[in-house]
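Visitor: build the 3D model from these lines:
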Amino acid sequence: MPPNDRMDTTPDITAPERSRSALLARGVALEYFTIGYNAFEGVVAILAGVLAGSVALVGFGLDSVIEIAAGMTLLWRLRRETQIGADISEAEHSSLERRALLIIGVTFFALSAYIAIEAGYMLVTGGGAEESTVGIILAVASLVIMPALAFLKQRTARGLNSHALAADAMETWVCSYLSLILLAGLGLNAAFGWGWADPLAALAMLPLVIKEGWEAFEEGREE
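Guide: Next up is the predicted model:
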(Lines give C-alpha, C1' and ligand atoms only; values in the text may rest on other atoms or scores of the structure.)
Protein backbone atom coordinates (compact mmCIF):
# COMPACT_ATOMS: atom_id res chain seq x y z
CA MET A 1 0.00 0.00 0.00
CA PRO A 2 1.28 3.54 -0.71
CA PRO A 3 2.45 5.62 2.24
CA ASN A 4 -0.44 7.85 3.28
CA ASP A 5 1.42 11.11 3.95
CA ARG A 6 -0.34 13.34 1.48
CA MET A 7 -1.22 15.89 4.14
CA ASP A 8 2.39 16.10 5.35
CA THR A 9 3.39 18.95 3.06
CA THR A 10 5.00 21.35 5.55
CA PRO A 11 7.54 23.49 3.68
CA ASP A 12 11.09 24.09 4.80
CA ILE A 13 10.80 27.79 5.64
CA THR A 14 14.58 28.14 5.84
CA ALA A 15 15.10 27.12 2.24
CA PRO A 16 16.27 29.98 0.02
CA GLU A 17 14.20 31.16 -2.93
CA ARG A 18 16.51 29.40 -5.39
CA SER A 19 15.67 26.08 -3.70
CA ARG A 20 11.98 26.63 -4.38
CA SER A 21 12.79 27.41 -8.01
CA ALA A 22 14.75 24.16 -8.20
CA LEU A 23 11.82 22.26 -6.66
CA LEU A 24 9.43 23.80 -9.18
CA ALA A 25 11.76 22.79 -12.00
CA ARG A 26 11.94 19.25 -10.62
CA GLY A 27 8.17 19.09 -10.33
CA VAL A 28 7.75 20.23 -13.94
CA ALA A 29 10.25 17.59 -15.11
CA LEU A 30 8.43 14.88 -13.15
CA GLU A 31 5.12 15.84 -14.72
CA TYR A 32 6.61 15.83 -18.22
CA PHE A 33 7.91 12.33 -17.54
CA THR A 34 4.50 11.30 -16.14
CA ILE A 35 2.74 12.50 -19.28
CA GLY A 36 5.23 10.87 -21.65
CA TYR A 37 5.39 7.51 -19.92
CA ASN A 38 1.65 7.26 -19.42
CA ALA A 39 1.03 8.12 -23.08
CA PHE A 40 3.18 5.11 -24.06
CA GLU A 41 1.69 2.90 -21.34
CA GLY A 42 -1.87 3.85 -22.21
CA VAL A 43 -1.55 3.07 -25.91
CA VAL A 44 0.11 -0.30 -25.28
CA ALA A 45 -2.30 -1.30 -22.50
CA ILE A 46 -5.47 -0.40 -24.39
CA LEU A 47 -4.37 -2.13 -27.58
CA ALA A 48 -3.27 -5.24 -25.69
CA GLY A 49 -6.46 -5.19 -23.62
CA VAL A 50 -8.71 -4.98 -26.68
CA LEU A 51 -6.87 -7.86 -28.33
CA ALA A 52 -7.04 -10.00 -25.18
CA GLY A 53 -10.55 -8.95 -24.14
CA SER A 54 -9.19 -7.83 -20.79
CA VAL A 55 -11.25 -5.26 -18.91
CA ALA A 56 -8.52 -4.87 -16.28
CA LEU A 57 -5.90 -4.19 -18.94
CA VAL A 58 -8.10 -1.71 -20.82
CA GLY A 59 -8.95 -0.08 -17.49
CA PHE A 60 -5.24 0.13 -16.74
CA GLY A 61 -4.76 1.89 -20.06
CA LEU A 62 -7.56 4.33 -19.31
CA ASP A 63 -5.98 4.98 -15.94
CA SER A 64 -2.88 6.05 -17.89
CA VAL A 65 -5.05 8.49 -19.87
CA ILE A 66 -6.42 9.86 -16.60
CA GLU A 67 -2.87 10.10 -15.25
CA ILE A 68 -2.04 12.22 -18.29
CA ALA A 69 -4.93 14.54 -17.45
CA ALA A 70 -3.72 14.81 -13.87
CA GLY A 71 -0.14 15.37 -15.06
CA MET A 72 -1.23 18.15 -17.40
CA THR A 73 -3.17 19.76 -14.56
CA LEU A 74 -0.11 19.74 -12.30
CA LEU A 75 2.11 20.89 -15.15
CA TRP A 76 -0.15 23.92 -15.60
CA ARG A 77 -0.20 24.57 -11.86
CA LEU A 78 3.62 24.38 -11.46
CA ARG A 79 4.40 26.33 -14.62
CA ARG A 80 1.96 29.03 -13.55
CA GLU A 81 3.81 29.52 -10.27
CA THR A 82 7.11 29.49 -12.15
CA GLN A 83 5.81 32.33 -14.34
CA ILE A 84 4.62 34.35 -11.36
CA GLY A 85 7.83 33.72 -9.44
CA ALA A 86 8.53 34.93 -5.92
CA ASP A 87 5.73 37.50 -6.19
CA ILE A 88 3.04 34.82 -5.89
CA SER A 89 0.59 35.69 -3.14
CA GLU A 90 -0.99 33.33 -0.66
CA ALA A 91 -4.35 33.84 -2.36
CA GLU A 92 -2.92 32.98 -5.79
CA HIS A 93 -1.19 29.89 -4.39
CA SER A 94 -4.42 28.74 -2.75
CA SER A 95 -6.40 29.30 -5.96
CA LEU A 96 -3.94 27.25 -8.02
CA GLU A 97 -4.02 24.46 -5.45
CA ARG A 98 -7.81 24.43 -5.24
CA ARG A 99 -8.40 24.20 -8.97
CA ALA A 100 -5.77 21.48 -9.42
CA LEU A 101 -7.19 19.40 -6.54
CA LEU A 102 -10.74 19.61 -7.88
CA ILE A 103 -9.65 18.43 -11.33
CA ILE A 104 -7.60 15.57 -9.88
CA GLY A 105 -10.58 14.50 -7.76
CA VAL A 106 -12.73 14.33 -10.90
CA THR A 107 -10.12 12.16 -12.66
CA PHE A 108 -10.27 9.65 -9.82
CA PHE A 109 -14.07 9.51 -10.05
CA ALA A 110 -13.95 9.04 -13.83
CA LEU A 111 -11.70 6.02 -13.43
CA SER A 112 -13.95 4.58 -10.72
CA ALA A 113 -17.03 4.81 -12.95
CA TYR A 114 -15.33 3.01 -15.84
CA ILE A 115 -14.04 0.18 -13.66
CA ALA A 116 -17.37 -0.38 -11.96
CA ILE A 117 -19.39 -0.48 -15.20
CA GLU A 118 -17.05 -2.60 -17.33
CA ALA A 119 -15.94 -5.07 -14.67
CA GLY A 120 -19.48 -5.46 -13.37
CA TYR A 121 -20.75 -6.14 -16.88
CA MET A 122 -18.15 -8.83 -17.46
CA LEU A 123 -18.96 -10.57 -14.20
CA VAL A 124 -22.71 -10.55 -14.89
CA THR A 125 -22.34 -11.78 -18.47
CA GLY A 126 -19.65 -14.31 -17.63
CA GLY A 127 -17.06 -12.74 -19.90
CA GLY A 128 -13.39 -13.42 -19.32
CA ALA A 129 -10.06 -12.27 -20.63
CA GLU A 130 -7.58 -14.14 -22.75
CA GLU A 131 -3.93 -14.37 -21.77
CA SER A 132 -1.83 -11.24 -22.36
CA THR A 133 1.95 -11.51 -22.20
CA VAL A 134 2.25 -7.85 -23.19
CA GLY A 135 -0.02 -6.88 -20.31
CA ILE A 136 2.07 -8.82 -17.81
CA ILE A 137 5.30 -7.21 -19.04
CA LEU A 138 3.70 -3.75 -18.90
CA ALA A 139 2.46 -4.33 -15.35
CA VAL A 140 5.93 -5.41 -14.20
CA ALA A 141 7.51 -2.33 -15.80
CA SER A 142 5.02 -0.05 -14.07
CA LEU A 143 5.70 -1.74 -10.73
CA VAL A 144 9.32 -0.64 -11.11
CA ILE A 145 8.79 2.88 -12.48
CA MET A 146 5.67 4.18 -10.72
CA PRO A 147 6.74 3.79 -7.07
CA ALA A 148 9.96 5.72 -7.75
CA LEU A 149 8.04 8.44 -9.57
CA ALA A 150 5.46 8.69 -6.77
CA PHE A 151 8.19 8.93 -4.13
CA LEU A 152 9.93 11.78 -5.95
CA LYS A 153 6.62 13.62 -6.36
CA GLN A 154 5.89 13.32 -2.64
CA ARG A 155 9.28 14.73 -1.69
CA THR A 156 8.82 17.63 -4.10
CA ALA A 157 5.29 18.26 -2.83
CA ARG A 158 6.53 18.57 0.75
CA GLY A 159 9.17 21.07 -0.30
CA LEU A 160 6.65 23.18 -2.23
CA ASN A 161 3.83 22.84 0.32
CA SER A 162 1.64 21.68 -2.58
CA HIS A 163 -1.32 19.50 -1.66
CA ALA A 164 -2.18 19.29 -5.35
CA LEU A 165 1.19 17.75 -6.22
CA ALA A 166 0.87 15.46 -3.20
CA ALA A 167 -2.54 14.32 -4.47
CA ASP A 168 -1.01 13.67 -7.87
CA ALA A 169 1.70 11.63 -6.16
CA MET A 170 -1.03 9.55 -4.52
CA GLU A 171 -2.61 8.99 -7.94
CA THR A 172 0.76 7.70 -9.10
CA TRP A 173 0.83 5.39 -6.07
CA VAL A 174 -2.62 4.21 -7.14
CA CYS A 175 -1.18 3.42 -10.56
CA SER A 176 1.42 1.27 -8.81
CA TYR A 177 -1.33 -0.48 -6.88
CA LEU A 178 -3.28 -1.03 -10.10
CA SER A 179 -0.16 -2.54 -11.65
CA LEU A 180 0.04 -5.07 -8.83
CA ILE A 181 -3.65 -5.97 -9.13
CA LEU A 182 -3.40 -6.18 -12.91
CA LEU A 183 -0.39 -8.48 -12.66
CA ALA A 184 -2.21 -10.73 -10.19
CA GLY A 185 -5.32 -10.92 -12.38
CA LEU A 186 -3.47 -11.60 -15.62
CA GLY A 187 -1.07 -14.00 -13.90
CA LEU A 188 -3.89 -16.11 -12.45
CA ASN A 189 -5.59 -16.16 -15.83
CA ALA A 190 -2.40 -17.22 -17.60
CA ALA A 191 -1.53 -19.88 -15.00
CA PHE A 192 -4.94 -21.38 -14.25
CA GLY A 193 -7.31 -20.03 -16.91
CA TRP A 194 -9.30 -18.09 -14.31
CA GLY A 195 -10.91 -15.49 -16.59
CA TRP A 196 -13.15 -14.28 -13.78
CA ALA A 197 -10.04 -13.14 -11.88
CA ASP A 198 -9.61 -10.31 -14.39
CA PRO A 199 -12.82 -8.35 -13.67
CA LEU A 200 -12.47 -9.12 -9.96
CA ALA A 201 -8.98 -7.64 -10.09
CA ALA A 202 -10.43 -4.55 -11.75
CA LEU A 203 -13.11 -4.21 -9.05
CA ALA A 204 -10.47 -4.56 -6.35
CA MET A 205 -9.08 -1.23 -7.58
CA LEU A 206 -12.24 0.66 -6.63
CA PRO A 207 -11.95 1.28 -2.84
CA LEU A 208 -8.58 3.03 -3.06
CA VAL A 209 -9.47 4.98 -6.20
CA ILE A 210 -12.75 6.30 -4.74
CA LYS A 211 -11.10 7.15 -1.41
CA GLU A 212 -8.32 9.17 -3.01
CA GLY A 213 -10.72 10.92 -5.38
CA TRP A 214 -12.98 11.98 -2.54
CA GLU A 215 -10.08 13.25 -0.43
CA ALA A 216 -8.65 15.30 -3.31
CA PHE A 217 -12.07 16.76 -4.11
CA GLU A 218 -12.74 17.65 -0.47
CA GLU A 219 -9.32 19.27 -0.11
CA GLY A 220 -10.03 21.32 -3.23
CA ARG A 221 -13.29 22.58 -1.75
CA GLU A 222 -11.67 23.45 1.55
CA GLU A 223 -8.59 25.24 0.22
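
Visitor: and the helix-or-strand element of the chain with minimal mean pLDDT, what does it pack against?
Guide: Counting by mean pLDDT, DSSP states H and E, the chain has its least confident helix or strand at helix 197-203, which shows a mean of 77. Under the contact definition 3 or more CB pairs under 8 Å, 6 or more residues apart in numbering; DSSP states H and E, helix 197-203 sits against helix 55-84, helix 90-125, helix 163-192. In short, each C-beta sits where N, CA and C put it, glycine included.

Visitor: how about the ones you listed in CSV, adding mean pLDDT, distance to L30 and mean neighbour count?
Guide: Shown next, in CSV, are the helices and strands packed on helix 197-203 (pLDDT from 0 to 100; distance: least, CB to CB, whole Å; neighbours: other CB atoms under 10 Å):
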stretch, mean pLDDT, distance to L30, mean neighbour count
helix 55-84, 84, 9, 22
helix 90-125, 81, 14, 18
helix 163-192, 82, 9, 23
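
Visitor: got JSON lines for those, with distance to L138 too?
Guide: Output for the helices and strands packed on helix 197-203, formatted as JSON lines (distance: least, CB to CB, whole Å):
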{"stretch": "helix 55-84", "distance to L138": "8"}
{"stretch": "helix 90-125", "distance to L138": "17"}
{"stretch": "helix 163-192", "distance to L138": "8"}
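
Visitor: can you give me the buried ones in stretch 154-162?
Guide: Using 16 or more other CB atoms under 10 Å as the test for burial, stretch 154-162 gives Q154, T156, A157, R158, G159, L160, N161, S162.

Visitor: now the residue nearest the centre of the chain: how far from L203?
Guide: When CA atoms, centre = their mean is applied to the chain, the residue found nearest the centroid is E171 (3.0 Å). When distance is defined by CB to CB, to the nearest Å, E171 is 19 Å away from L203.

Visitor: coming back round to it: what does the least confident helix or strand of the chain contact?
Guide: 54-57, 59, 115-116, 118-120, 122-123, 127-129, 181-182, 184-186, 188-189 (CB atoms under 8 Å, 6 or more residues apart in numbering).

Visitor: how far off centre is whichever helix or strand comes after it?
Guide: Heading C-terminal from helix 197-203, the first helix or strand you meet, by DSSP states H and E, is helix 206-222. With CA atoms, centre = their mean, to the nearest Å as the basis, helix 206-222 stands 12 Å off its chain's centre.

Visitor: make residue 1 into 48 and carry on from there
Guide: With the count now opening at 48, the last piece we talked about shows up as helix 253-269.

Visitor: not counting sequence-adjacent ones, nearest residue to E265?
Guide: Spatial nearest neighbour of E265, chain neighbours left out: G152 (7.7 Å); criterion: CB to CB, 6 or more residues apart in numbering.

Visitor: I should have written E114 there, sorry.
Guide: N85 (4.4 Å).

Visitor: residues near that neighbour, how many?
Guide: Neighbour count of N85, defined by other CB atoms under 10 Å: 26.

Visitor: list the buried ones in the helix or strand it falls within?
Guide: Secondary structure from DSSP H and E places N85 in helix 64-99. Across helix 64-99, burial judged by 16+ other CB under 10 Å covers 67, 70-71, 73-75, 77-78, 81-82, 84-85, 88-89, 91-93, 95-96, 99.
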